[in-house]
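K.L.:
One predicted model, sequence on top.
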Amino acid sequence: MVEEVLTASVVGSLAFPVALGLQQRFLYAPLRITSDRRIAGPLLGLGSVFLSGCCASLAAIATLKAHRTITKSPNDEKTWLDELPTDWQNLIACGLGSALVFRILTGRYHSVLPSNIAKRGAFARVSIPARRNNAFSPSARERFHKIGKKHGCHTCGRKWRVNKFHRDHQPPTALAREGEKQVYYPQCAKCSAQQGGVVSQRTIQIVTHGTSLRLYHLWMPVPLAWFGLRYLYAKEPVAEHSSSDELTSRLESETIEKSRDEGEEFESGGNKIDINREVVTVNKNKFFEDQTNKAVQETLCDVRDAYESPRERNEIAAEIQSKSDIENLHFIIRIMAVAAVVIVWIFRTD
């Protein structure tokens, strides 16, 4: 079970950034919708994250079901993995959960849209005020380099293989209004070279960044945990065995009815017989002497049948399986929590 969930989580984690990148390349870039739009950017970005979360959840669920179909034998007990829902209500919950996790991991919804190379990019987070004479002290230069290494090029997001970040005026000097304040954002050499021609020609160039991944691009299998917990705790509790009083009353009633059918009359109550740890009260002093052993044998058979009936065995097996599922699910959640902490620690400078 743990292996199946981990495999599905890996598939979902791969599907999430792939879906975001495909939307950038084939939807937003052709429509020239970029991250610098103040209102449309965050709203469309939220929709993109929501849709990608649904796709990742579907991919994870499909992987789980395929794995179960291949590896499950006819004798295996049914678990919550066999009843994962794919209806639109649960997909909406998956999308919203992915959007929430994206935001918790410090993601900004507009950052999943492509960048306009002449505008503030999708990865623009921290800037330094620009000066008229472009003077840059050594301490400011060092700080600017650290900002670039931490957040990457504000246009394409590249940071790992960039040795030097250029100071990009935002807004560009050629497009800035008189008296408008400018700031410096780090920009890689490739984007800086492209920006010069675009600004001078007053054209628009879209830059996609589907391969520039950050911590918030990590898809967490929260939907799987939600489905598992909801399935386990929504199940009706397994019926417990009857109390001694209820069992005694039922067995006495059955014995009385059987004896009356045979034309015998007696009264119950009195002596006690210990049968399979349940105390059954039977008044054998008032049984006819030749029917005493027969009544006891019938009572023994009734108790044995009550505890060894297929229904009881199925209920006990279901209870054991339910407890096993809960333990496995708690173990998976603990692994997810530890993995999240480790990933956050690794990318703590991101």
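P.N.:
Arrived safely, thanks for sending. Residues are numbered from 1 along each chain as shown.
K.L.:
so for stretch 220-234, what's the average pLDDT?
P.N.:
Taken as a whole, stretch 220-234 has a mean pLDDT of 68.
K.L.:
Stretch 51-71 now?
P.N.:
Mean predicted lDDT for stretch 51-71 stands at 86.
K.L.:
Using CSV, list the CA coordinates for it.
P.N.:
Extracted C-alpha coordinates of stretch 51-71, given in CSV (Å, rounded to 0.1, in the frame of the first residue of the first chain):
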residue,chain,number,x,y,z
LEU,A,51,-6.6,22.9,-13.4
SER,A,52,-3.1,21.5,-13.0
GLY,A,53,-4.0,20.3,-9.5
CYS,A,54,-7.0,18.4,-11.0
CYS,A,55,-4.8,16.9,-13.7
ALA,A,56,-2.2,15.8,-11.2
SER,A,57,-4.8,14.3,-8.9
LEU,A,58,-6.4,12.4,-11.9
ALA,A,59,-3.0,11.1,-12.9
ALA,A,60,-2.2,9.9,-9.3
ILE,A,61,-5.6,8.2,-9.0
ALA,A,62,-5.3,6.6,-12.4
THR,A,63,-1.8,5.3,-11.4
LEU,A,64,-3.2,3.9,-8.2
LYS,A,65,-6.1,2.1,-9.9
ALA,A,66,-3.9,0.7,-12.6
HIS,A,67,-1.4,-0.5,-10.0
ARG,A,68,-4.1,-2.1,-8.0
THR,A,69,-5.6,-3.8,-11.1
ILE,A,70,-2.3,-5.3,-12.0
THR,A,71,-1.1,-6.4,-8.6
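K.L.:
buried sites along it?
P.N.:
51-65, 67-68 (16 or more other C-beta atoms under 10 Å). Every C-beta, even on glycine, is put in place using the N, C-alpha and C of the backbone.
K.L.:
again, but for stretch 196-209
P.N.:
In stretch 196-209, counting by 16+ other C-beta under 10 Å, buried: 199, 205-209.
K.L.:
Which of these fall within helices?
P.N.:
Judged by DSSP state H, the buried residues of stretch 196-209 include residue 199 as members of helices.
K.L.:
got the buried residues of stretch 196-209 as CSV, with distance to residue 174 and pLDDT columns?
P.N.:
Shown next, in CSV, are the buried residues of stretch 196-209 (distance: C-beta to C-beta, whole Å; pLDDT from 0 to 100):
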residue, distance to residue 174, pLDDT
199, 5, 87
205, 15, 92
206, 19, 94
207, 19, 95
208, 24, 94
209, 24, 94
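K.L.:
which one among the buried residues of stretch 196-209 gets closest to residue 38?
P.N.:
residue 206 (17.8 Å; C-beta to C-beta).
K.L.:
Was I right to think the closest one contacts residue 35?
P.N.:
No: here residue 206 does not reach residue 35: they are 10.3 Å apart, not a contact under C-beta atoms under 8 Å.
K.L.:
what residues are shared contacts of the two?
P.N.:
114-116 (C-beta atoms under 8 Å, 6 or more residues apart in numbering).
K.L.:
Which single one of the residues you listed is nearest to residue 191?
P.N.:
residue 115 (8.4 Å).
K.L.:
Could you find the closest non-adjacent residue to the closest one?
P.N.:
Ranked by C-beta to C-beta, 6 or more residues apart in numbering and with sequence neighbours excluded, the top spatial neighbour of residue 115 is residue 121, at 4.0 Å.
K.L.:
Verify the stated contact: that neighbour with residue 35.
P.N.:
Yes: counting by C-beta under 8 Å, residue 121 touches residue 35, with 6.8 Å between them.
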